[in-house]
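1. how does the following fold in three dimensions:
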Amino acid sequence: MKILKHWLFWVILGIVCIPIVLKLAGVIERNFGIQIVPFAWIGLYWFVFFVIMSIKALKDSKKKLVYAYVSVLPLCLSIGEVWGYVKTLQSLPTQCHTQSSGTYVSDYFTADPITGYKAISNTRATSIKKNDKDLIYNVTYTTNNFGYRKTPNSNLDSTHCLIFFGDSFTIGEGLNDDQTLPYFLNQDLNLKVFNFGFHGYGNHQALALLKSGEVMRITQDCKDYTVFYESIPGHIRRANGFSDWEDLNAPRFHLGNTLTWTNEHKTFWTKIHNKIFTILKNKSYLFKILLPRYTYNKQYNELYFAILQEINSLLQVQFHTELHFLLWDANNLSDDTEIAESQAIIEWLAHQDIDAFLVSEILPQYMHNRLQYALHTCDTHPNALANELIAKFLAHKIQSREITTHTAHTKEIQ
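-> Residues are numbered from 1 along each chain as shown. This next block holds a predicted model:
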């Protein structure tokens, strides 16, 4: 077995083991909830390799010194990874220990060139969330041909379309298909529904869907449009690229003299770069710690506002309709950051020609008892009651024509 004594064998073995260890880490965490800190083990392997090489280089003091110095790098990596893991554990809320399971975890998300990610098309994904042994929810998400959530009561024969943009609140995280805001709203309207909301999205995904022509392509049979964008204050940070779950494939916009979609076109090398970044962001605890952290600053507001204005402008150009804005504003559970973000958005809306509605003005006791409208103490996504009450409010606005409907006579697929 002379090959086992040759340094090249152990180099090749170390390289081959890197993707295996990374994959294994994901499987163990998904199936058993155990984090093995993969880059710590990878660093430890190379530390031992270079130490052994240093020991073997007894007759060559220069090589011995080089190997010894080089061994410090993977050792520092291992120590840094363990430190990052400990820091991550310390930052987790102590009162909640939630875990998710089901095909939502293993077979639901897929990459998307426009939004960065979305759901697999035509699937039924089970999603189970627990806090220790306490069941928070056990639901199923059903997706359509385009990878967005189905609304069971959508009237496929209608040419009046109800379009939603938003995040997990809009898609209805933790709720079944017949408990979402679009579902409840359509009980009183009987329109064709398109729910473009998705877990973790912000207004940057909504704008990318419009600018790419994807919304026009999907809704090409519609003649009349009513469009809503559902936002939380935290969409400010999402628009500025501070979402921990997004990789570099997510749409990024820059505000200079004009609003520019900076990563609209992706080359082979940008895809490779994005892949490496994604692996490090998902698997390296040290990398996560070193990434820039969001601290509220008024300068971040401008990009979020510019994206909203561009969404409204594109809706007018493409569909001859306008944006209706729904904000889950600050409440009794909000921290200082969310309060500042919420106030900034409300102040901006007061000077815009955008139909806006605050959840605090719709849901009774929302400001003082946010948990009344939450799934659970450890998951504040809206429950079915919240969606039903908001839907009744919006349905009345539409039926009384306080929310107007517009016809896209000259719509063209671009």
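2. could you pull out the strands for the stretch 251-400 of the chain?
-> Taking DSSP state E, counting those that start in this stretch to define them, one finds strands in the stretch 251-400 of the chain at 253-255, 259-261, 323-327, 355-358, 374-376, 379-382.
3. packing partners of the fifth one?
-> Contact here means 3 or more Cβ pairs under 8 Å, 6 or more residues apart in numbering; DSSP states H and E; on that basis strand 374-376 packs against strand 134-142, strand 379-382. All C-beta atoms are positioned from the backbone trio N, CA, C, and that covers glycine.
4. work out the gap between that strand and the centre of the chain.
-> 20 Å (Cα atoms, centre = their mean, to the nearest Å).
5. before we move on, what about the first one?
-> The chain centroid and the centroid of strand 253-255 are separated by 19 Å under Cα atoms, centre = their mean.
6. got it, and the fourth one?
-> Taking the mean C-alpha point of strand 355-358 and that of its whole chain, the gap between them comes to 24 Å (Cα atoms, centre = their mean).
7. Y104: neighbour count?
-> Y104 has 20 neighbours, counted by other Cβ atoms under 10 Å.
8. wait, it touches S127, no?
-> Yes. With contacts defined as Cβ atoms under 8 Å, Y104 counts as touching S127 at a distance of 3.7 Å.
9. list residues touching both of the two?
-> Y141 (Cβ atoms under 8 Å, 6 or more residues apart in numbering).
10. which element is the closest residue to G202 other than its chain neighbours on?
-> Spatially, and ignoring its direct neighbours in sequence, G202 is nearest to R238 (3.2 Å; Cβ to Cβ, 6 or more residues apart in numbering). R238 is located in helix 235-239, with elements delineated by DSSP states H and E.
11. over to A111?
-> Going by DSSP H and E, A111 is in strand 109-112.
12. chain center to that strand, what's the gap?
-> Centroid separation between strand 109-112 and its chain, computed with Cα atoms, centre = their mean, is 11 Å.
13. and this structure, what are its domain boundaries?
-> For the chain, automatic domain parsing gives the domain ranges 2-91, 98-407.
14. list the buried ones in stretch 369-389?
-> 370, 373-376, 378-384, 386-389 (16 or more other Cβ atoms under 10 Å).
15. same check on stretch 313-329?
-> So, applying 16+ other Cβ under 10 Å, buried residues of stretch 313-329: 314-315, 318-319, 321-329.
16. can you check stretch 212-219 too?
-> By neighbour count on 16+ other Cβ under 10 Å, the buried set for stretch 212-219 is S212, E214, V215, M216, I218, T219.
17. touching, the first one and F196? I think so.
-> The reference is to S212. No. In this structure, S212 is not within contact of F196 by Cβ under 8 Å, at 11.9 Å.
18. Q365 versus the nearest residue to E388 once chain neighbours are set aside, what's the distance?
-> Nearest non-adjacent residue to E388, counting by Cβ to Cβ, 6+ apart: F184, 4.8 Å away. Distance, F184 to Q365, by Cβ to Cβ, to the nearest Å: 19 Å.
19. what about F164, which SS state?
-> strand (DSSP: H, G, I helix; E, B strand; the rest coil).
20. mind listing the strands for the stretch 51-200 of the chain?
-> Along the stretch 51-200 of the chain, counting by DSSP E, counting those that start in this stretch, strands occupy 98-101, 109-112, 116-119, 124-131, 134-142, 160-165, 192-195.
21. mind listing what the third one pairs with, with the direction of each?
-> In other words, strand 116-119. strand 109-112 (antiparallel) (DSSP bridges).
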